[in-house]
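Engineer: pasting the structure only:
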């Protein structure tokens, strides 16, 4: 099978997410990473490319211009504020685009990117990681298949503790841009609330129609939200609760989603990512374990493999095969939801999404 | 040690909660149950008393009148709508009172009962069960002791599934009165939301100051709330989220409370009631197991023992010893909170408690 | 229902197990404890009886003689070395007997007691606690019902840490008699190995036919075994492994039993005593929760309730009703098994049970 | 960093373990797989190589001869019976060797391979997977560091269910060679007992000195062992119990190891591979989570990543850097242990290892 030739924008050596994307691409061997504009800092960009054995560029503009004949797909893993510009330029230059979440910094930018993506001949997909877990997909299939009857209520809880202290003031790189509204747009809501709301929509197949958020910046002086509890209304009268927080001291990366229907419930927890628990009306719990990992059931898989699933699906999508991808509509829905939550905080009322 | 002579109002044979109260009283052998007006149905009242070997009365009024010299304490386990009247009468007749939660049907009634209780020479205590779990008490002690630093956020989740269907229409006795607003006052909020909010206050030592609830009657035609997601503000700027629901199909009686401070967190789950989990800022979890049960650590205890702890504390309280009891203030605070949540649903705004 | 009049031998105030037996008797209100020879120390015996409001005796002989007309049943909770003598005397005096496990100190004594018990008109039952857990009973029912097909292998693991240090040298009362072979017979094997092997037989309905034990006294200078790994052969070609240990530092009271058949498996763990896990051939796990506790499912039960179940069954047995009791045969089988394990250690060969 | 040029023997397309090895090599990008003799079937060997884009050979002999200048390392993933011959030839031809476990089919072959390996200038390492889990390594470090004091007892339990039925008779490829003693040497003992005993030695740093196994072929007609319970003696008077089984219906791949010292215990379970539980003498459990995965703590890792850790260590070893590898001595110790267990079954006595 032909490998997809990839160039990466952002993701220089020393950061976290770039290497995750590269491992995910390597795992199933569907990609060949050949070039990169790996940092907005020209020197670091060049050095990173050299270390990785790639054709290196000081700017993404130069990369897009020079690699037209030798690269199929641009993987964008920069901070949120450059997502729209780079993705739009890449699509217009006929590259396929794989874009890290959230789609953009602002809803406005997202609308603009979406307009480009839907009219492009190139493929566009986003890396909403949790969608890559086989048991999250199985949860969706079973819910859509009616296994729990009519959906009643959804609960998503995503808590981290890494921003429990104002580490942005000490120059921690991830914290600095993620708490700078000019870079990130929003805080916990955009960073992990986006995963949470996407999970809620993904596993139920239902849109979020209204939100009312109680949004806080718990850490003194922080310029973005770092904690929110959101009341949800979804299609078909489904109600929900969503909490996302980055100030819950000691939480490593705790994600859970539970959905109750009138004939039972299904729940998934990141900490036991290979398992899916279904509860019958009589309270009996059945735990199914993943059969779809790269090793036989009983050999645990995890985050890197989930990420690789996303990339393998992106490869299938790019090569015209069937695939579960998170595309324009989904990315835009996520931006709309986060936007509405922030608006609801300002207005102190429910907001339509 | 002298046993406390008890008469019970409500709790006839065939119901659930009366026998729990009786077992809890027997477990530590501090009470002697001698009389009862065990049902509002005179025939059932008499039969129940006969079966239990008690002096039986057709009405609680008669009981109060006749047992003045032979009973120390009235245990009230009737539906909510008669709580205020019976408790007030019992206190006025100089009986001690142990009252099942919630305090009353309405906030108005609660205020009236409170006024009587605070001026009475008799003792008044309520059976908020979760307070009886030793690890819930240890959670409170450790939080008040500063083990997790300054409290930031609280999350309480209490879900049941037994009202997932409109079983009140089929004459299920518990469901019938609990979903009849003239009997119960409110639905899930009063029945289990009261436990949830009490837990939040108990373990933190902080009052709830403001609430904004998203309150639903999910089951068609139901006359009371059966599901609510409540955003909380507590003293000292603490924020919280509380969900209570009786329509989560398959949930047996799932209660959890988690509290995060700036130096760690503590969490407790009903399903592992003998354990308390603390999480350090680095994510390490430490699980402490109960040393205070009736059998050595490693021999699980449960609901009946927690209930017996409540009763033993009530006995200590009645006999003038030190005890952790849930008294007038706490019962009233709970009624105010539930009332405010219902008001916030009507007004669609935050309500002060 | 008539209550059973009980006298207790052993179990004075300050010990652990006596009060457990008394709570268990009280919980379901089927017994009335009226007399006791609560200690081999006459003074402590009298004081304990006085505190409990019982007719007190300095010796069990005196009690047996004096209470013939006023007591139905003798509950024996003394150290192992007096089990046989007291139980035989009680049965011969036409009392029913409820005897704590193990049956006796030695196999010889057990044979002698068994001979008396089988010819007596009185009822004889033993308190093998784990048999009282509803989910252990359900495990047995489901296995006997063929739910896991033909049984293949059994694994029982019972570990404690309370004897990890030579606390018998510091006068800890429980440790002192339990590690004195003249009082206890054997150490970990008799104390908790007896529970373990009984569980294996109880849930499978199969006898243990051969054993080969690797038996150790890990703590220096200890006079009895404190750790053993036993290979088992059971009826129908079933094989098993059993570990019992009291020197596993930090283990509170960790008991688990797992049984695999050719169509699935069932496992139970003391730490989650209300749950029973069944595993299907494809690895899917189903967790059933107890419906048979005193409170509805979701309200955890524990050791005291399991103990009360044993006592309620004993009450039914004594009053001529159907009951699951652990009787003569079972107690004797347990003694034979422990005896054979110790012999196998001496001979370093398999021993028939 | 220079990549290591690799050729693979065995591991053709369609099998399970070859692709796992290839993914593990790709994950950290330290290897370049360039050639293969991927099957003993010449046609399948060529086709597999073509699909993977490798230089393909019909026989490993040809590969060894032709690739001397272009390959650094031979990865051997064939059935056990060819391990010795291929590994010896590869080492003699100056290739580094990475060999799947167990070392060989028989102890005799292992001794022969060891003799070659220790005198070779090339590097030799084996892929005992469990050693690749960071928390297994942390368990070892903490035990060697004295965290649990003097070790007392070890318990290893490794159960699978995939051979619960005689699927070797239906031509299942893995089952066929693994239950054919001429191919595999032994059954469950060599296949997974080897992992179990290696884990026991790895985490404690102690050799196994004596064994007494109760070894069975539970499935009728099976030519190798499929279930064993082994009593262990280790250095320093440590005792242990080890169960390995492939007939435990429904077990996917259940591995746990627990070690008790006189100051606490540590335990690890494959199902929660990112966690390590330590228990203090008072029963308090502390769960530490892995910080050493490729993603931050809270993003679960698993089997493929553990395997990649092994390969990264092998790469370091081959390139002369420090590394934790499983080498000749360890492989030989494992073969000796399995051999002694089988002998103990024949002799029905303890066997020195």
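Structural biologist: Cool, the structure landed. No experiment lies behind these values; they were computed from the predicted model shown.

Engineer: What is the three-state secondary structure of residue A:313?
Structural biologist: Three-state assignment for residue A:313 (DSSP: H, G, I helix; E, B strand; the rest coil): helix.

Engineer: whoops, I mixed them up, residue A:265
Structural biologist: Residue A:265 - assigned by three-state DSSP - is strand.

Engineer: Over to residue A:40?
Structural biologist: Put simply, residue A:40 is coil when judged by three-state DSSP.

Engineer: where does the stretch 101-250 of chain A dip in pLDDT?
Structural biologist: The model of the stretch 101-250 of chain A has no residue with pLDDT under 70.

Engineer: Tell me where it has helices.
Structural biologist: For the stretch 101-250 of chain A, the helices defined by DSSP state H, counting those that start in this stretch occupy A:107-119, A:134-144, A:173-178, A:181-184, A:188, A:194-204.

Engineer: nearest to chain D, of these?
Structural biologist: Chain D lies closest to helix A:173-178 among the helices of the stretch 101-250 of chain A, at 9.6 Å (Cβ to the nearest Cβ). Any C-beta I mention is one placed from the backbone N, CA and C, and that applies to glycine too.

Engineer: Mind listing residues that contact the closest one?
Structural biologist: By Cβ atoms under 8 Å, 6 or more residues apart in numbering or on different chains, the surrounding residues in contact with helix A:173-178 are A:15-16, A:79, A:162-163, A:167-168, A:183-184, A:187, A:191, A:224.

Engineer: Ignoring the adjacent residues along the chain, who's closest to residue A:150?
Structural biologist: Excluding the flanking residues, the one nearest residue A:150 by Cβ to Cβ, 6 or more residues apart in numbering or on different chains is residue A:262, at 5.0 Å.

Engineer: Centre of the chain to the helix or strand hosting residue A:91, how far?
Structural biologist: Using DSSP states H and E, residue A:91 sits in helix A:83-92. On the basis of Cα atoms, centre = their mean, to the nearest Å, helix A:83-92 sits 18 Å off its chain's mean C-alpha point.

Engineer: One more: stretch A:119-132?
Structural biologist: Put simply, stretch A:119-132 sits 10 Å off its chain's centre (Cα atoms, centre = their mean).

Engineer: end to end, how far does it reach?
Structural biologist: End-to-end distance for stretch A:119-132, by Cα to Cα, to the nearest Å: 26 Å.

Engineer: can you redo the helices of the stretch 101-250 of chain A as JSON lines with mean neighbour count and distance to residue C:172?
Structural biologist: Compiled in JSON lines, the helices of the stretch 101-250 of chain A are given as follows (neighbours: other Cβ atoms under 10 Å in any protein chain shown; distance: least, Cβ to Cβ, whole Å):
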{"stretch": "helix A:107-119", "mean neighbour count": "18", "distance to residue C:172": "69"}
{"stretch": "helix A:134-144", "mean neighbour count": "19", "distance to residue C:172": "49"}
{"stretch": "helix A:173-178", "mean neighbour count": "17", "distance to residue C:172": "53"}
{"stretch": "helix A:181-184", "mean neighbour count": "16", "distance to residue C:172": "61"}
{"stretch": "helix A:188", "mean neighbour count": "30", "distance to residue C:172": "53"}
{"stretch": "helix A:194-204", "mean neighbour count": "24", "distance to residue C:172": "53"}
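
Engineer: ok so, going back, for the contacts of helix A:173-178, pick the one with the most neighbours.
Structural biologist: Using other Cβ atoms under 10 Å in any protein chain shown as the neighbour test, these are led by residue A:187, with 29 neighbours.

Engineer: Now that one: closest residue in space, sequence neighbours ignored.
Structural biologist: Per Cβ to Cβ, 6+ apart, closest to residue A:187 is residue A:224, 3.0 Å.

Engineer: isn't that neighbour right next to residue A:182, touching?
Structural biologist: No. Using Cβ atoms under 8 Å as the test, residue A:224 is too far from residue A:182 to be in contact (10.2 Å).

Engineer: ok, the closest residue in space to residue A:297 that isn't next to it in sequence - contacts?
Structural biologist: Distance criterion Cβ to Cβ, 6+ apart; nearest residue to residue A:297, sequence neighbours excluded, is residue D:252 at 4.5 Å. By Cβ under 8 Å, 6+ apart, residue D:252 lies in contact with A:289, A:296-298, C:283, D:160-161.

Engineer: What is the helix holding residue A:91 packed up against?
Structural biologist: Packing partners of helix A:83-92 (3 or more Cβ pairs under 8 Å, 6 or more residues apart in numbering or on different chains; DSSP states H and E): helix A:60-66, strand A:73-76, strand A:96-100, helix A:107-119.

Engineer: returning to what we had before: enumerate every residue touching the residue nearest to residue A:150.
Structural biologist: Residue A:262 neighbours (Cβ under 8 Å, 6+ apart): A:148-150, A:152, B:164-165, B:249.
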